[in-house]
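Participant: Got a predicted model here, sequence first, then my questions.
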Amino acid sequence: MKDPSRSSTSPSIISEDVIINGHSHEDDNPFAEYMWMENEEEFNRQANLLLKQFLFVAQIEEELWEEEFIERCFQEMLEEEEEHEWFIPARDLPQTMDQIQDQFNDLVISDSSSLEDLVVKSNLNPNAKEFVPGVKYLNI
């Protein structure tokens, strides 16, 4: 929008509009637009400090996301365990000697003919030295 005080058809010259040699009369220093460079080191120091703070916050945020992810994984694992029936020693192990004897009696002892078949079909070396844990054998 135009200012009504300037709506006359003849151009008026106001002291604020005068520009001499490409600079307004308010610019006493011809290098005013480059004055920001005077504090460039301080600007860079502050920018580096802000960048470090941003990176620190980003690292903390990533660690929080990781912790949340791990927490969710544990929660899902616990829920999965609750859904399935797992071995519970107090419930699944026999409590009395009678129960242990019953389970022992339920074991099937194979007859000697099946043992002989197993020995005949074996790939083990019958002439091999007996293994003793912790003893090193040298091939001579």
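Facilitator: That came in fine, so what should we check first? Numbers count the residues shown, from 1 in each chain.
Participant: could you pull out the helices for this structure?
Facilitator: 40-83, 89-92, 97-106, 112-120 (DSSP state H).
Participant: out of the ones you listed, nearest to D28?
Facilitator: The closest of these to D28 is helix 40-83. By C-beta to C-beta, the value is 22.0 Å. Quick note: C-beta positions are derived from backbone N, CA and C, even for glycine.
Participant: What score does K129 have for pLDDT?
Facilitator: K129 is assigned 83 on the pLDDT scale.
Participant: same question but for P94, I mixed them up
Facilitator: At P94, pLDDT is 65.
Participant: Over to the one 4 residues further on?
Facilitator: The pLDDT attached to D98 in the predicted structure is 77.
Participant: T96: neighbouring residues, count only.
Facilitator: 8 (other C-beta atoms under 10 Å).
Participant: Let me see the backbone angles for it.
Facilitator: phi -120, psi 160 (degrees, to the nearest 10).
Participant: From D102, how far off is it?
Facilitator: As judged by C-beta to C-beta, to the nearest Å, T96 and D102 stand 9 Å apart.
Participant: One more: E63?
Facilitator: Counting by C-beta to C-beta, the gap from E63 to D102 is 55 Å.
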